[in-house]
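Novice: below: sequence and its predicted model.
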Amino acid sequence: MIPRNVNVVLQRIRAAEKRFNRSPGSVNLLAVSKKCSIEQIIGAYQMGLIRFAESYLQEAEAKMIRLADYGIEWHFIGPIQSNKTSGIAERFDWVHSVDRLKIAQRLSEQRPPQLGNLNVCIQVNVSSENTKSGVALNELPALAESVSQLPNIELRGLMAIPAPSADFERQRLPYHLLYEALQCVKTLGLETLGQKKVGHNWDTLSMGMSNDLEAAISEGSTFVRVGRAIFGNRIT
Ligand SMILES: *Cc1c(COP(=O)(O)O)cnc(C)c1O
């Protein structure tokens, strides 16, 4: 089941890259393993996947201990409470869901320097129906400027979880907004931050899930976060 699913997802990604004139291999597959078992993760790993994403720190820590020898790259994609930042800063390679400065500051302070920079994306609220998390578009430039100054973390780009839709053109709209937001932040960055911190690497758009990864790839996604299409429906 998992081997076949991984192949189907990889084929969908390659087909979308081709159809939307994206360079081959420019879209990375992130396997969302929240609520999945160790056996399921190993199944996907054996198909060549090395990037896994988790939404709950405690659940992730238990898996990381058992999978310590696998050389997995771990991504945190869930809501972040202040009391969880140290565990996240110590254990993950990427955090996609930074949506306020306080969280970024804590991750920056708590990242062990010997681990190198923690890669972070700012989560943006791009569809008004889904107001739960993500910074508002109008507050993004100020947050990006502040986050990009912090040591031990490196701002890499933006992430969004839009309200679901079954219609392709509707799926594209919020992803287009996120693409535009990244271009805007990049321009601002060159103007206002260029002197202070060089070598910006804002190359990441974390967008697209099982049901809408083609729409996200059409708008420039560089990480699709895929759970159910690989592992089947989650038991909640
Ligand atoms: C669960 C989750 C996903 C995966 O969604 P699927 O529909 O299972 O592909 C992607 N991103 C985030 C932030 C998630 O929480």
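Specialist: Yep, it's here.
Novice: assign residue 154 to helix, strand or coil.
Specialist: Three-state call for residue 154 (DSSP: H, G, I helix; E, B strand; the rest coil): strand.
Novice: which helix is the longest one in the protein?
Specialist: When the chain is scanned for its longest helix (criterion: DSSP state H), the result is helix 168-188.
Novice: name the helices or strands packed onto that one?
Specialist: helix 140-148, strand 153-159, strand 204-206, helix 213-218 (3 or more C-beta pairs under 8 Å, 6 or more residues apart in numbering; DSSP states H and E). Any C-beta I mention is one placed from the backbone N, CA and C, and that applies to glycine too.
Novice: can you list these in CSV and add mean pLDDT and distance to residue 19?
Specialist: CSV is the format used below for those (pLDDT from 0 to 100; distance: least, C-beta to C-beta, whole Å):
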stretch, mean pLDDT, distance to residue 19
helix 140-148, 93, 29
strand 153-159, 96, 23
strand 204-206, 98, 17
helix 213-218, 98, 8
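Novice: got a list of what the closest residue to the ligand within the chain touches?
Specialist: Nearest residue of the chain to the ligand (C-beta to the nearest ligand atom) works out as residue 227 at 2.7 Å. Residues near residue 227 by C-beta atoms under 8 Å, 6 or more residues apart in numbering: 31-34, 36, 209-210, 234.
Novice: one more time with 10 Å, if that's ok
Specialist: By C-beta atoms under 10 Å, 6 or more residues apart in numbering, the residues touching residue 227 are 30-36, 53, 55, 77, 209-210, 233-234.
Novice: I'd like those residues laid out as TSV, including neighbour count and pLDDT.
Specialist: Converted to TSV, the contacts of residue 227 look like this (neighbours: other C-beta atoms under 10 Å; pLDDT from 0 to 100):
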residue	neighbour count	pLDDT
30	22	98
31	26	98
32	23	98
33	28	98
34	17	97
35	16	96
36	23	96
53	24	98
55	17	98
77	24	98
209	19	98
210	17	98
233	8	90
234	12	84
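Novice: which ones among the residues you listed come in contact with the ligand?
Specialist: Contacts with the ligand are made by 32, 34, 55, 77, 209-210 out of the contacts of residue 227, judged by C-beta under 6 Å from any ligand atom.
Novice: just give me the closest of these to residue 201.
Specialist: residue 77 (19.6 Å; C-beta to C-beta).
Novice: how about residue 104, nearest residue that isn't a chain neighbour?
Specialist: Using C-beta to C-beta, 6 or more residues apart in numbering and skipping residues adjacent in sequence, the residue nearest residue 104 is residue 147, 4.6 Å away.
Novice: now the longest helix of the chain: mean pLDDT?
Specialist: Regarding helix 168-188, the rounded mean pLDDT is 93.
Novice: output it as PDB, restricted to C-alpha atoms.
Specialist: Only the C-alpha atoms of helix 168-188 are listed here, as PDB (Å, rounded to 0.1, in the frame of the first residue of the first chain):
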ATOM      1  CA  PHE A 168      -8.700  23.600  -9.100                       C
ATOM      2  CA  GLU A 169      -8.900  27.400  -9.800                       C
ATOM      3  CA  ARG A 170     -10.200  28.000  -6.300                       C
ATOM      4  CA  GLN A 171      -7.300  26.000  -4.900                       C
ATOM      5  CA  ARG A 172      -4.900  28.100  -6.800                       C
ATOM      6  CA  LEU A 173      -6.000  31.500  -5.400                       C
ATOM      7  CA  PRO A 174      -4.600  31.300  -1.900                       C
ATOM      8  CA  TYR A 175      -1.400  29.800  -3.300                       C
ATOM      9  CA  HIS A 176      -1.000  32.600  -5.700                       C
ATOM     10  CA  LEU A 177      -1.400  35.100  -2.900                       C
ATOM     11  CA  LEU A 178       1.400  33.300  -1.000                       C
ATOM     12  CA  TYR A 179       3.600  33.300  -4.100                       C
ATOM     13  CA  GLU A 180       3.100  37.100  -4.400                       C
ATOM     14  CA  ALA A 181       3.700  37.600  -0.700                       C
ATOM     15  CA  LEU A 182       7.100  35.900  -1.000                       C
ATOM     16  CA  GLN A 183       8.100  38.100  -4.000                       C
ATOM     17  CA  CYS A 184       7.000  41.100  -2.000                       C
ATOM     18  CA  VAL A 185       9.000  40.100   1.100                       C
ATOM     19  CA  LYS A 186      12.000  39.400  -1.000                       C
ATOM     20  CA  THR A 187      11.900  42.900  -2.500                       C
ATOM     21  CA  LEU A 188      11.400  44.500   0.900                       C
END
